[in-house]
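Asker: Build me a model:
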Amino acid sequence: MLNLRFQRAFALLLTLTLLFGCESLQKDASNGSVRTLPALQKSPNDDREYRAIELPNRLQVVLVSDPTIEVAAVSMAVGVGSFQDPDSQLGLAHYLEHMLFLGTEKYPEPNSFQKFVDENAGVWNAYTASDHTNYFFRLNAEKLDESLDYFSDYFKSPTFDPQYSDKERNAVNSEWSMGRSQDNRILYFLSGQTANPQHPVSRLSVGNLETLSDKPGSVLQDELLSFYDRYYSANIMKLTMVGKQSLDELQAMAVNHFSSIPNKNVKRPQVKIPALTAAEEGKIIHYKSQMDIKRLMVEFPIPDNSHEWRVKPNTYINNLITSEEPGTLGEQLRFAGLVNTVYGFVAEDYYGADGMIRVIADLTDDGLKNRDQIIAAILGYLELIKEDGIKERYYQEFKAILEKDFANMAKPDPMSQAVGLSGLQLELPVKHLLDADYIYEKFDRRAIEKVLRQIEPERARIWYISQGEETDTDIPFHKGAYSIRDITPAELNRWALLGSTMQFELPPENPLFSSGHNPVVDSKHIKPFQVVSQPGAEAWLTHAQHYKEDKGLIELSLNVNFAAENARASVLSSLLGQVYQLQNLSLTDRAERAGISIGLSFAASGSPVISTQGYAEKQPQLMNELVDHLADMKISERDFGQVVERYRQSLINIKKTPPYQQLFTHYERLIRENGFSLDQLEAALKDVKHQDLVDWHQRYFENNLVRVYAFGNFTDAQVQEITTYAADKFKSRNQPEQRYLLPYITPTSTTRLSIEETTEQTDSAILTGFIGTQPSLKQQAALRLLNSVLSNEFFTQLRTNEQLGYVVNSSASSFRDYPVFLFYVQSTNTDLPGVNERINQFRTEFKTRLDAITPESLEQIRRSEISLLLQKPTDFYSEAREHMADYQLARFTFDRKERFVAALESVTMADLQAVYREWILGEGAARLDVQIKGSHFAEKPFATVK
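Answerer: Below is the predicted model of the structure:
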């Protein structure tokens with residue numbers, strides 16, 4: 001379960017008092033009147049059907065019907081969150097979210113619902129935000145009705161069994177412990193600590209063993225029941241159901257399962273006091289970061305103006321602040337070598353009644369030494385926007401982009417849509433749930449000026465973030481320290497003086513944006529078709545069958561075999577990739593605003609990969625421009641120094657990520673034939689000089705192969721031109737058959753791979769893996785079915801019952817078609833030998849459970865997994881990527897999905913038992929073990945792996 005306390009603010013969800021227009025009533029014979037709400041305004045590109053209703057108990061429901069999908073998704077948002085925690089039990093809303101999943105009167109067994117979802121190819125989760133809590137799941141659509149019987153009971157008759165109280169307190173505590181040393185969580189908490197002490201944002205929201213406990217006058221179990229009884233009322237709940245069933249069928253399910261949720265007619269709680277008053281303005285806050293971060297943030301308090309979503313003053317201002325066009329703030333500061341990136345956001349309801357405009361600069365070493373100059377630049381650029389940035393031409397361009405995006409809007413993933421719509425129902429009129437982000441009703445100068453008037457240097461809250469900050473106060477409940485002081489008149493004068501010497505420009509009209517519609521080509525290539533095969537180049541093109549739109553995707557890679565042969569080569573390739581990204585930030589930003597996303601990366605093999613996706617018309621031109629920039633790249637000393645520092649920071653910071661994430665960093669290293677440790681990469685970095693990188697760039701003109709994969713609204717000729725242009729530019733000569741694939745290990749039954757590392761993080765983590773000794777789709781299929789049965793049992797035993805840690809999981813995966821099965825745990829309270837012992841004990845005990853599975857149960861799991869694989873792609877981009885993995889690995893039959901489905905069909909119960917007996921319990925597989933020992937267990941040994 002996730003505690004997304006600040007997710008809503010960063011997503012910039014629009015908020016508005018709930019309004020209802022014309023409505024009709026339907027009579028349900030057994031449940032009274034069902035109110036039909038106004039129709040949702042959907043994109044002309046959206047073929048899903050929508051209906052909004054209100055049940056007799058005033059539960060508002062949005063129904064989404066799509067007969068082409070094979071999964072169903074459901075989300076229930078409850079209009080109460082951590083801001084409503086009582087002072088005596090901080091974290092109570094989050095704790096309730098955990099406890100709710102542990103049984104109901106009808107289904108008392110803990111995690112019975114989760115087990116049902118897991119066995120039907122599903123996923124489930126929940127999160128607690130500051131002002132709402134969201135519970136959601138996805139599973140095989142055929143099981144929707146049955147799943148709702150489980151799910152709805154949580155909101156009617158949860159047991160809140162006290163015997164699980166300490167276990168879930170420990171789960172919450174583990175979640176707190178996992179985040180207490182993470183900078184993003186600390187900074188969110190610190191923003192509350194330095195805000196109005198009367199505002200609930202100033203408190204701990206996740207909770208821990210200390211805050212969630214019996215106290216004089218406050219018994220935790222009593223407070224839990226009271227909180228649920230007070231706030232969990234149908235009239236402040238919002239439900240979304242997405243399924244293949246018809247709207248009438250979905251409505252019947254909603255009425256049947258959810259009409260009996262009690263309606264207590266409560267008023268949704270609102271926080272009306274401001275978080276940032278005059279007393280909190282005009283401050284400089286120094287935070288000593290845990291990771292190696294160099295950051296400057298300048299923020300200005302603003303009152304909540306979400307009611308002005310139709311005219312979008314915040315969007316208008318943010319578009320100007322974040323532009324990377326020549327002459328703008330970010331471009332100028334990067335050109336001066338002071339920042340790596342500048343970005344920002346406007347979150348008008350971040351704290352409820354108020355929010356902020358925030359500009360963020362990630363600094364270079366020079367930038368850290370010249371923070372006054374950067375502050376002056378930010379203030380100066382904001383002043384330019386005030387003086388000369390309110391122009392109707394910007395509005396017209398933004399409006400045209402939004403209109404085109406809405407007309408071509410892709411259907412979202414069912415679960416993403418369910419979660420998004422349930423949350424938005426709390427804030428918006430149902431009519432505009434789908435189009436509110438795209439409505440730009442008029443150019444409203446007054447609304448823009450009203451926001452800009454809040455931007456005054458005297459009101460700023462400025463954050464200095466680095467590991468070298470001087471601090472004087474520990475941060476409650478978290479690692480780290482901070483200090484806070486007033487901005488002085490001398491500083492204001494200095495910034496004004498510096499700013500007066502700077503020159504900026506506002507962004508010009510975007511040449512990549514076109515409001516027109518490009519004709520869609522005929523769909524003649526149903527599967528990837530080779531349109532280029534020649535010395536130096538190969539290219540494949542596929543046309544959309546399901547989503548024939550004016551969109552496209554192109555991936556161009558410069559395939560080389562030398563760029564990851566040792567640690568030094570890997571470092572040089574990474575640095576070159578970072579210079580390339582840095583030099584193309586302006587172009588990337590310009591394309592993004594025109595509806596084309598650019599991806600610039602260097603693969604693990606060291607091969608450059610350029611990708612574009614979005615509106616198709618300008619992509620060929622854009623791809624050629626990006627190829628030119630890579631081939632003609634000039635690397636300055638400043639660029640070199642900047643990326644070396646960034647890369648050094650990234651290596652250091654990997655060691656400070658949560659331990660369970662570090663597990664997978666080491667896992668990837670172990671399964672590669674030439675994987676390099678962080679220490680090896682750091683050592684290689686120290687010896688790299690500027691000329692080395694210049695020379696390394698030239699090596700890419702030797703022995704390379706241009707590879708192109710294109711999907712969507714392109715002709716054969718367009719893809720051929722893109723491919724041959726790049727091949728000529730890079731003097732490509734390698735034959736397609738010489739394409740290089742990054743080598744991975746060849747496991748045997750005697751292979752034993754292990755890593756033991758320590759971390760500054762408090763928790764420990766362990767990963768136990770089993771790898772097949774030959775490529776096998778059938779064994780991959782068997783492991784996928786096995787995990788559908790095992791994962792919930794593993795979670796329930798080690799997490800729910802034994803509380804070993806917050807992260808308890810298993811997974812089935814593969815590399816180069818070698819099957820892999822993993823167990824992994826991050827623990828706050830148990831040392832590595834103890835966790836390892838419990839994993840081993842579970843492995844032994846689960847055999848009895850596996851042997852008891854009936855043929856009917858296995859068949860149900862199989863059918864659910866196959867339905868998930870065979871469902872129609874949900875949108876253009878999911879269709880575009882259907883054959884991408886086969887292409888990247890040179891599997892040119894492009895039939896892996898069909899073969900995997902056939903493998904699933906062939907797996908028997910005997911196969912499952914055999915793979916478990918021979919791999920998980922026996923010695924028939926390669927063994928992989930990664931252990932990360934946290935600081936709380938520094939005196940404890942690593943586990944002995946047998």
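
Asker: And the helix or strand hosting residue 63, what does it pack against?
Answerer: According to DSSP states H and E, residue 63 maps onto strand 60-65. Under the contact definition 3 or more Cβ pairs under 8 Å, 6 or more residues apart in numbering; DSSP states H and E, strand 60-65 sits against strand 49-54, strand 237-243, helix 247-258, helix 414-425. (Each C-beta comes from the backbone N, C-alpha and C, glycine too.)

Asker: quick one: the strands in the stretch 751-900 of the chain?
Answerer: Listed in chain order, the strands of the stretch 751-900 of the chain (DSSP state E, counting those that start in this stretch) span 752-758, 764-771, 807-815, 818-827.

Asker: Each with direction, which strands does the strand holding residue 63 pair with?
Answerer: strand 49-54 (antiparallel), strand 237-243 (parallel) (DSSP bridges).

Asker: okay, the angle between the following helix or strand past that strand and strand 237-243?
Answerer: Using DSSP H and E, the next helix or strand after strand 60-65 towards the C-terminus is strand 71-78. Compare the direction of strand 71-78 with that of strand 237-243 by axes from the mean of the first three to the mean of the last three Cα atoms, to 10 degrees and you get 180 degrees.

Asker: Dump the C-alpha coordinates for strand 71-78 into CSV.
Answerer: The C-alpha trace of strand 71-78 is given here as CSV (Å, rounded to 0.1, in the frame of the first residue of the first chain):
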residue,chain,number,x,y,z
VAL,A,71,-9.6,-6.9,-17.8
ALA,A,72,-11.8,-4.9,-15.4
ALA,A,73,-10.6,-2.2,-13.0
VAL,A,74,-12.3,-0.7,-10.0
SER,A,75,-11.4,2.2,-7.8
MET,A,76,-13.1,3.6,-4.7
ALA,A,77,-12.0,7.1,-3.5
VAL,A,78,-13.1,8.1,0.0
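
Asker: ok and that strand relative to helix 247-258, angle-wise?
Answerer: Going by the same axes, to 10 degrees, strand 71-78 makes 50 degrees with helix 247-258.

Asker: Residues contacting whatever helix or strand comes next after strand 71-78, please?
Answerer: Moving toward the C-terminus from strand 71-78, the next helix or strand (DSSP H and E) is helix 92-100. Helix 92-100 is contacted from outside by 1, 3, 80-82, 84-86, 89, 126-128, 133, 135, 154, 158, 160, 164-165, 168-169, 171-172, 175, 205-207, 212, 220, 223-224, 227-228, using Cβ atoms under 8 Å, 6 or more residues apart in numbering.

Asker: Flag every buried residue along stretch 549-565.
Answerer: 549-564 (16 or more other Cβ atoms under 10 Å).

Asker: And for stretch 615-624?
Answerer: Applying 16+ other Cβ under 10 Å to stretch 615-624 flags 615, 616, 617, 618, 619, 620, 622, 623, 624 as buried.

Asker: I'd guessed the third one sits against residue 514; true?
Answerer: If I follow you right, that is residue 617. Yes: at 5.9 Å, residue 617 counts as touching residue 514 under the criterion of Cβ atoms under 8 Å.

Asker: where along the stretch 201-350 of the chain do the helices fall?
Answerer: 220-231, 247-258, 313-321, 329-335 (DSSP state H, counting those that start in this stretch).

Asker: which sections of the chain are below the confidence cut-off?
Answerer: 1-32 (pLDDT under 70).

Asker: If we use 50, what do you get?
Answerer: Low-confidence segments of the chain (pLDDT under 50): 1-31.

Asker: Outline the domain layout of it.
Answerer: With domains defined by automatic domain parsing, the chain comprises 7-258, 278-409+432-499, 529-738, 752-937.

Asker: Ok, which of the ones you listed comes nearest residue 943?
Answerer: domain 752-937 (3.6 Å; Cβ to Cβ).

Asker: Give me whichever of the helices and strands packed on strand 60-65 is most buried.
Answerer: strand 237-243 (a mean of 28; mean count of other Cβ atoms under 10 Å).

Asker: That one to helix 220-231, inter-axis angle?
Answerer: 80 degrees.

Asker: Make CSV out of the helices of the stretch 201-350 of the chain and add distance to residue 900.
Answerer: Shown next, in CSV, are the helices of the stretch 201-350 of the chain (distance: least, Cβ to Cβ, whole Å):
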stretch, distance to residue 900
helix 220-231, 44
helix 247-258, 31
helix 313-321, 43
helix 329-335, 45
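
Asker: between those helices, which gets nearest to residue 69?
Answerer: helix 247-258 (12.5 Å).

Asker: CSV for the helices and strands packed on strand 60-65, including distance to residue 888?
Answerer: Converted to CSV, those look like this (distance: least, Cβ to Cβ, whole Å):
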stretch, distance to residue 888
strand 49-54, 37
strand 237-243, 31
helix 247-258, 39
helix 414-425, 25
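
Asker: Of all those, which one is nearest residue 109?
Answerer: Going by Cβ to Cβ, the one of the helices and strands packed on strand 60-65 nearest residue 109 is helix 247-258, 19.2 Å.

Asker: Need the contact partners of that closest one.
Answerer: Against helix 247-258 from outside (Cβ under 8 Å, 6+ apart): 28, 31, 34, 49-51, 53, 55, 57, 59, 61, 63-65, 144-145, 148-149, 151-152, 155, 234, 239, 241, 243, 245.

Asker: next one: stretch 413-420
Answerer: By Cβ under 8 Å, 6+ apart, stretch 413-420 touches 64, 66, 69, 71-75, 123, 134, 136-138, 240-243, 411-412, 874-875, 878.

Asker: how does it look with 6 Å?
Answerer: 69, 71, 73, 74, 75, 136, 138, 240, 242, 874 (Cβ atoms under 6 Å, 6 or more residues apart in numbering).

Asker: Ok, which of the strands of the stretch 751-900 of the chain comes nearest residue 633?
Answerer: Comparing the strands of the stretch 751-900 of the chain by Cβ to Cβ, strand 807-815 comes nearest, at 32.0 Å.

Asker: got the CA positions of that closest one in PDB?
Answerer: The C-alpha atoms that make up strand 807-815 are tabulated as PDB, following Å, rounded to 0.1, in the frame of the first residue of the first chain:
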ATOM      1  CA  VAL A 807       8.400  -5.000   1.000                       C
ATOM      2  CA  VAL A 808       7.600  -8.700   0.700                       C
ATOM      3  CA  ASN A 809       7.200 -10.000  -2.800                       C
ATOM      4  CA  SER A 810       7.900 -12.700  -5.400                       C
ATOM      5  CA  SER A 811       8.100 -12.500  -9.200                       C
ATOM      6  CA  ALA A 812       8.500 -14.500 -12.300                       C
ATOM      7  CA  SER A 813      10.600 -13.000 -15.100                       C
ATOM      8  CA  SER A 814      13.300 -13.900 -17.600                       C
ATOM      9  CA  PHE A 815      16.400 -12.800 -19.500                       C
END
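
Asker: Pairing partners for that strand, with directions?
Answerer: Here, using DSSP bridges, strand 807-815 pairs with strand 818-827 (antiparallel).

Asker: Roughly how far does the residue lying closest to residue 122 once chain neighbours are set aside sit from residue 864?
Answerer: Distances taken as Cβ to Cβ, 6 or more residues apart in numbering put residue 139 closest to residue 122, at 3.1 Å, once the chain neighbours are dropped. Distance of residue 139 to residue 864, given as Cβ to Cβ, to the nearest Å: 7 Å.

Asker: shared neighbours of these two, which are they?
Answerer: What both residue 139 and residue 864 touch, as defined by Cβ under 6 Å, 6+ apart, is the set residue 120.

Asker: Reduced to three states, what does residue 361 come out as?
Answerer: Following DSSP: H, G, I helix; E, B strand; the rest coil, the label given to residue 361 is strand.

Asker: dump the residue contacts of it.
Answerer: So residue 361 contacts 296, 339, 342, 374 (Cβ under 6 Å, 6+ apart).

Asker: who wins for neighbours among these?
Answerer: In terms of neighbours by other Cβ atoms under 10 Å, those top out with residue 342 at 27 neighbours.
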